[in-house]
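Asker: Need coordinates for the below:
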Amino acid sequence: MDAFAYLSVLLSIILGLAITQILQGYRGLLLARSNVRLYAPTIVWSVLLLFFSAQLWWASFGLASHKQWDFATFAVILLQTVLLYMMSAIVLPDVPNGAGVDLQAHYYREVMPFFCTSLLMLAASIGKDWMLNGRLPSTINLAFHAFFAGIAIVGIATRKPRVHFLIAFIMAFFSVAYVSLLFARLGQS
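Answerer: Presented below is the predicted three-dimensional model:
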């Protein structure tokens, strides 16, 4: 039996749940649209999380060539996937029937756990490379991780709306650049 095929089932389920969380959030916002106060950073982050889910699934194909699996390595990969799910679960609010939704209020209520989870996910990503390859990620990959971590720390440190707008849009730009440079071809990781 192919070990990766077996292990990837659980990762795929969690990624599917992450995507479902965001799509259900969009559905709730759409159904409550007359009572929704939109906030751009929330929407940008929700789109980015869909993008990150697709990227993580795409990059996981590169794990198919890994032959020596142990539970610790799988646990780090699983942790990264679970943390992405948690970010997806809190980026959009649950929308009660007939209730108003203020995405800005939700964003700032969840900003600390969102960005702290982001930092943990980045650490798990670096740990994944260490566990799989016995070394840190490539210099450019590590530089992107450091940049993303810096953005998360700024997100934790300030509540200024202008800064959070910039954070969201800068992350969108650099996330596309990151994936384009490092994961454009299937099997790269």
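
Asker: For the rest of this, base every contact and every neighbour count on C-alpha atoms.
Answerer: Noted.

Asker: So which elements touch the longest helix anywhere in the chain?
Answerer: Counting by DSSP state H, the longest helix found in the chain is helix 103-133. Counting contacts by 3 or more C-alpha pairs under 8 Å, 6 or more residues apart in numbering; DSSP states H and E, helix 103-133 is packed against strand 36-37, helix 40-60, helix 71-91, helix 139-157.

Asker: how about these in CSV, adding mean pLDDT?
Answerer: As requested, these are exported to CSV (pLDDT from 0 to 100):
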stretch, mean pLDDT
strand 36-37, 96
helix 40-60, 95
helix 71-91, 97
helix 139-157, 96
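
Asker: Out of the ones you listed, flag the one nearest S12.
Answerer: Of all those, helix 40-60 sits nearest to S12, with 7.2 Å by C-alpha to C-alpha.

Asker: what's around A168, how many residues?
Answerer: 19 (other C-alpha atoms under 10 Å).

Asker: oh sorry, the question was meant for G98
Answerer: When neighbours are defined as other C-alpha under 10 Å, G98 has 10 of them.

Asker: what kind of secondary structure is it in?
Answerer: coil (DSSP: H, G, I helix; E, B strand; the rest coil).

Asker: V163 - nearest residue in space that isn't next to it in sequence?
Answerer: Take V163 and drop its neighbours on the chain: the residue closest to it by C-alpha to C-alpha, 6 or more residues apart in numbering is G155, 7.9 Å away.

Asker: And that neighbour, how close does it get to V44?
Answerer: Going from G155 to V44 by C-alpha to C-alpha, to the nearest Å gives 14 Å.

Asker: Between those two, which has more neighbouring residues?
Answerer: Ranked by neighbour count (other C-alpha under 10 Å), G155 and V44 place G155 first, with 21 against 17.

Asker: do you know how far the more buried one is from L132?
Answerer: 30 Å.

Asker: ok, T42 touching P93?
Answerer: No: taking contacts as C-alpha atoms under 8 Å, T42 lies outside contact range of P93: 9.9 Å.
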